[in-house]
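S.K.: Prediction below, plus the sequence it came from.
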Amino acid sequence: MNSIWLKIAGAAVVVVLVIVVLGRLGGDKPASEPAQQDKTFYDMAERDKQFGEEPKPVQEPPAEPAQPPAAEPQTPPEQPAQQTPEPAPQPVAQVPGVVLPSSITQPTMLHFKPLSEDDDIAALQILPYATAGRSIGRLPVVQYGLMMRAVEQIEQRWPDSWYCFRAKQLMEEITQYSDRYAQMYKITPERLDISKFLKPRQGTEPREVKPIR
């Protein structure tokens, strides 16, 4: 009789231990799941909205009045000791060859041509299709056809606008996912080149462009 109760008690202890172990293992999962779900499709879609943000115009400071030259001393000064000449400053944004949108890693002043009111309204209607198409294209089976159709319209109609710069950013990002997108949609380095935006041109205005976060 006592042996039966001992067996029952032993079985109960084993069951309790199993429940405790399973409970601990089950309790660890909720803590780790949020870390794996930090970047969901909706989180990335929120990030994609930055491609639709208009760069802010840059307020150029007024030119400083010219200062009169200082009077030259009457007697020649003593010759200073020889010093190593400082290297000449390198021109900003004078990069030979192709400049990719990903080279913008800090707030940078680029130059775009402003659009007329009608063109600006039309571009504002097309750009959301490009940004939404990029988000949708990340889903399984779906590709970036919607995005590229909108991008091509922007390239053809407003090649010197900030909308075209955003289009180049969108194209470069999908080529970073897979090389096959570059081949599929004919996205060449020359097509992504933003070097023309780095310097002022006739009819352009400066805008501050920030990197995509």
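M.R.: Great, that's in hand. Residues are numbered from 1 along each chain as shown.

S.K.: For stretch 152-167, list every residue counted as buried.
M.R.: By 16 or more other Cβ atoms under 10 Å, the buried positions in stretch 152-167 come out as 153-154, 158, 160-167. The C-beta positions use only the backbone N, C-alpha and C, and glycine is treated the same way.

S.K.: Closest one of those to Arg47?
M.R.: Lowest distance from Arg47 to the buried residues of stretch 152-167 (Cβ to Cβ) belongs to Arg166, with 13.8 Å.

S.K.: So which elements touch the helix or strand containing that closest one?
M.R.: Assessed by DSSP states H and E, Arg166 sits inside helix 162-177. In this structure, helix 162-177 makes packing contacts with strand 108-112, helix 117-137, helix 145-157, helix 179-184, helix 189-192, strand 205-209, judged by 3 or more Cβ pairs under 8 Å, 6 or more residues apart in numbering; DSSP states H and E.

S.K.: Of all the ones you listed, which one is nearest Asp48?
M.R.: Using Cβ to Cβ as the criterion, the shortest distance between Asp48 and the helices and strands packed on helix 162-177 is 4.9 Å, found for helix 117-137.

S.K.: Quick one: mean pLDDT for that closest one?
M.R.: Summarised as a single mean, pLDDT over helix 117-137 is 94.

S.K.: Need the residues that contact that helix.
M.R.: Residues from elsewhere that reach helix 117-137 (Cβ atoms under 8 Å, 6 or more residues apart in numbering): 41, 44-45, 48-49, 51-52, 114-115, 142-151, 153-154, 157-158, 161, 163, 166-167, 170, 173-174.

S.K.: Gln50 - nearest residue in space that isn't next to it in sequence?
M.R.: Distances taken as Cβ to Cβ, 6 or more residues apart in numbering place Ile212 nearest to Gln50, at 5.2 Å, with adjacent residues excluded.

S.K.: Asp119 versus that neighbour, what's the distance?
M.R.: Look at Ile212 and Asp119: by Cβ to Cβ, to the nearest Å, they are 24 Å apart.

S.K.: before we move on, what about Ile174?
M.R.: Counting by Cβ to Cβ, the gap from Ile174 to Asp119 is 26 Å.

S.K.: JSON lines for the helices and strands packed on helix 162-177, including distance to Gln59?
M.R.: Converted to JSON lines, these look like this (distance: least, Cβ to Cβ, whole Å):
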{"stretch": "strand 108-112", "distance to Gln59": "11"}
{"stretch": "helix 117-137", "distance to Gln59": "20"}
{"stretch": "helix 145-157", "distance to Gln59": "27"}
{"stretch": "helix 179-184", "distance to Gln59": "38"}
{"stretch": "helix 189-192", "distance to Gln59": "29"}
{"stretch": "strand 205-209", "distance to Gln59": "9"}
